[in-house]
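K.L.:
have a look at this prediction, sequence included:
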Amino acid sequence: MRYLYKSEGYSIPQRLLFIPLKETIIFPYVVVPLFFQSDEALTILNKVILENSLIGCVGQRDPRLKDPQPKDLLSVGTVCKILQLVKLPNKGMKIFVEGLSRVFLRNITQETPYFKADVKEVNEHQERTILSETLVQSVGTLFKISLSMGKPLPEEMLKTLDKIDHPGRLADLIAITLHLGLKDQQEIFETIDPLDRLKKVFEHFNREIQSFPARPNPLIHPGKEPGKFQKDHSLRPPMRGQKEMPEEDPYLAEIYELREKVRVAGMPQKVEEIAYKEINRLERMNPVSAEYTVSRTYLDYLVTMPWNKKTVDNLNLDRAHP
């Protein structure tokens with residue numbers, strides 16, 4: 001499997017041939033191998049290559065079906081470009097396809113052994129907002145944490161991730177690295193809104209990181225039980241206006257410091273509410289858990305953003321260089 005950032009220009013026909021896939025979801029900007037056995041498939045795919053090399057791939061709702069009908073296919077598929085066709089010694093063949101774009105399938109008809117459908121390309125334009133940039137950065141933070149915990153990833157993908165700031169593309173690229181069941185993959189793939197898709201990927205990614213072995217927290221000494229002060233306060237609701245910094249327990253001092261940083265950061269009201277909610281969650285977590293590390297890193301990112309800082313434009317034309 002290869003990971004791509006950009007693809008060459010292409011023109012999608014109004015109606016396209018679709019191959020039903022039982023246990024594979026092809027995301028855009030990814031190169032995937034597919035295997036076929038029949039001579040009929042070889043004839044069809046050779047014809048496609050001679051025409052425009054474009055073919056559709058769509059998942060089956062139930063992979064156990066041997067003879068799926070149009071109603072058994074997902075409503076969203078992928079337009080793919082056939083990059084290479086290789087005949088195998090066992091009379092089968094392997095093709096490499098590059099995912100180009102999501103499309104909606106309409107008016108599906110069966111053309112044995114495959115299907116044909118009218119297609120409408122999915123427009124994934126996403127305006128950059130504070131929320132989208134924050135979520136992209138948060139997923140990037142999770143990614144770095146997963147690498148530090150030993151998650152193996154191809155070097156090609158690492159280079160690709162640094163170039164992506166679009167929520168939808170980032171969601172797709174991260175999704176194919178997660179250990180997801182087919183249903184979860186389908187749900188993410190069929191989520192059209194890029195920001196909603198990235199939110200779902202973030203939730204799955206977060207849970208996967210939490211399943212990693214926990215690392216020691218420098219605030220907690222091995223074998224040391226939480227102090228009485230920490231036990232008492234862990235059950236109390238956090239007080240936003242609290243001014244007295246707890247000194248006995250460094251863990252609670254850290255929570256207090258985060259609240260102070262949020263208070264003076266000048267965040268928009270909605271972002272501030274999210275930050276305080278996350279701090280409340282953090283206070284209930286085990287400090288040695290991976291989830292704590294993820295949440296703390298996310299909060300660090302929020303409080304260090306220049307929310308209330310502006311630069312003064314110099315509009316003096318006399319100082320402009322010719």
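P.N.:
Sure, I can see it. Numbering: from 1, shown residues only.

K.L.:
looking at the protein, which helix or strand does the model trust least?
P.N.:
In the chain, no helix or strand scores lower on mean pLDDT, DSSP states H and E than helix 228-234, which sits at a mean of 41.

K.L.:
tell me the secondary structure for the residue nearest the centre of the chain?
P.N.:
Note on the chain: the residue nearest the mean C-alpha position is Ala171, at 2.4 Å, using Cα atoms, centre = their mean. Assigned by DSSP: H, G, I helix; E, B strand; the rest coil, the conformation of Ala171 is helix.

K.L.:
residues near the nearest residue to Arg169 once chain neighbours are set aside, how many?
P.N.:
Distance criterion Cβ to Cβ, 6 or more residues apart in numbering; nearest residue to Arg169, sequence neighbours excluded, is Tyr29 at 6.5 Å. To be clear about C-beta, it is placed using only N, CA and C from the backbone, and glycine gets the same treatment. As a burial measure, Tyr29 scores 20 neighbours (other Cβ atoms under 10 Å).

K.L.:
for Val32, helix, strand, or coil?
P.N.:
Strictly by three-state DSSP, Val32 counts as strand.

K.L.:
distance check, it against Gln84.
P.N.:
12 Å (Cβ to Cβ, to the nearest Å).

K.L.:
what touches both of these two?
P.N.:
Between them, Val32 and Gln84 share these contacting residues under Cβ atoms under 8 Å, 6 or more residues apart in numbering: Phe96.

K.L.:
higher neighbour count, these two?
P.N.:
Shown here are Val32 and Gln84; by other Cβ under 10 Å, Val32 has more neighbours (20 against 12).

K.L.:
sorry, back to before: helix or strand right after the least confident helix or strand of the chain?
P.N.:
Downstream of helix 228-234, the first helix or strand assigned by DSSP states H and E is helix 250-264.

K.L.:
on contacts alone, who are the packing partners of that following helix?
P.N.:
helix 228-234, helix 269-284, helix 290-304 (3 or more Cβ pairs under 8 Å, 6 or more residues apart in numbering; DSSP states H and E).

K.L.:
can I get it in PDB, CA atoms only?
P.N.:
The C-alpha atoms that make up helix 250-264 are tabulated as PDB, following Å, rounded to 0.1, in the frame of the first residue of the first chain:
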ATOM      1  CA  PRO A 250       2.200  18.400  42.100                       C
ATOM      2  CA  TYR A 251      -0.600  16.700  40.100                       C
ATOM      3  CA  LEU A 252      -3.200  19.100  41.400                       C
ATOM      4  CA  ALA A 253      -0.800  22.000  41.000                       C
ATOM      5  CA  GLU A 254      -0.600  21.100  37.400                       C
ATOM      6  CA  ILE A 255      -4.400  21.100  37.000                       C
ATOM      7  CA  TYR A 256      -4.500  24.500  38.700                       C
ATOM      8  CA  GLU A 257      -1.800  25.900  36.400                       C
ATOM      9  CA  LEU A 258      -3.700  24.700  33.300                       C
ATOM     10  CA  ARG A 259      -6.900  26.500  34.500                       C
ATOM     11  CA  GLU A 260      -4.900  29.700  35.000                       C
ATOM     12  CA  LYS A 261      -3.400  29.500  31.500                       C
ATOM     13  CA  VAL A 262      -6.800  29.000  30.000                       C
ATOM     14  CA  ARG A 263      -8.200  31.900  32.000                       C
ATOM     15  CA  VAL A 264      -5.600  34.400  30.700                       C
END
